[in-house]
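>>> how does the following fold in three dimensions:
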Amino acid sequence: MSAPPRFVSGQPDPPRRTTDPRATWTRHYFNTGTAFRAMFADIKTARDSVLVETYQFNYDEVGNTFRKRLIRQAQRGVKVYLIFDSIGSWSLPARLRRFPRNVRSFEFGPIKSLRTFV
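Predicted structure coming up:
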């Protein structure tokens, strides 16, 4: 029986090596500072598409940076897809929940009012 994998805080899982240009991969981070720096760099260097799924999208420096970079890449012709959770992103003003058409965004479980919970 092999030993369970070790996870070191702040260290991403290495992507699988491939020569297939259509290949996709994911990274798992355990330190938010490391994760955001890597995500910003990946968004900036994306050539074909960016897919982001997040529970929490806030109206703060990180959230605004994400928003600007996603919009910038979409304007450059990169396909940008964003899914964010309505409850996790409750502090995001309504005007910032809307993105330009070239950013394909989806708000999961949008809350219309407190009656949603009654």
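
>>> could you use CA atoms for every contact and neighbour count after this?
Noted.

>>> separation between residue 63 and residue 43?
14 Å (C-alpha to C-alpha, to the nearest Å).

>>> and residue 83, by the same measure?
From residue 83 to residue 43 the distance is 15 Å (C-alpha to C-alpha).

>>> and these two? Which one has more around it.
For residue 83 versus residue 43, the count of surrounding residues by other C-alpha atoms under 10 Å is larger for residue 43: 20 against 16.

>>> excluding chain neighbours, what is closest to the more buried one?
residue 50 (6.5 Å; C-alpha to C-alpha, 6 or more residues apart in numbering).

>>> ok, and for the host helix or strand of the one you found, which residues are buried?
Following DSSP states H and E, one finds residue 50 within strand 49-54. Using 16 or more other C-alpha atoms under 10 Å as the test for burial, strand 49-54 gives residue 50.

>>> packing partners for that strand?
Counting contacts by 3 or more C-alpha pairs under 8 Å, 6 or more residues apart in numbering; DSSP states H and E, strand 49-54 packs against strand 79-85.

>>> touching the strand it packs on from outside, list them.
48-57, 70, 73-74, 102-110 (C-alpha atoms under 8 Å, 6 or more residues apart in numbering).

>>> with only the CA atoms kept, save the strand holding residue 50 in CSV.
Extracted as CSV, the C-alpha positions of strand 49-54 are listed here (Å, rounded to 0.1, in the frame of the first residue of the first chain):
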residue,chain,number,x,y,z
SER,A,49,-9.4,30.5,-22.4
VAL,A,50,-9.7,31.3,-18.7
LEU,A,51,-12.2,29.4,-16.6
VAL,A,52,-12.7,30.6,-13.0
GLU,A,53,-15.1,29.1,-10.5
THR,A,54,-15.2,30.7,-7.0
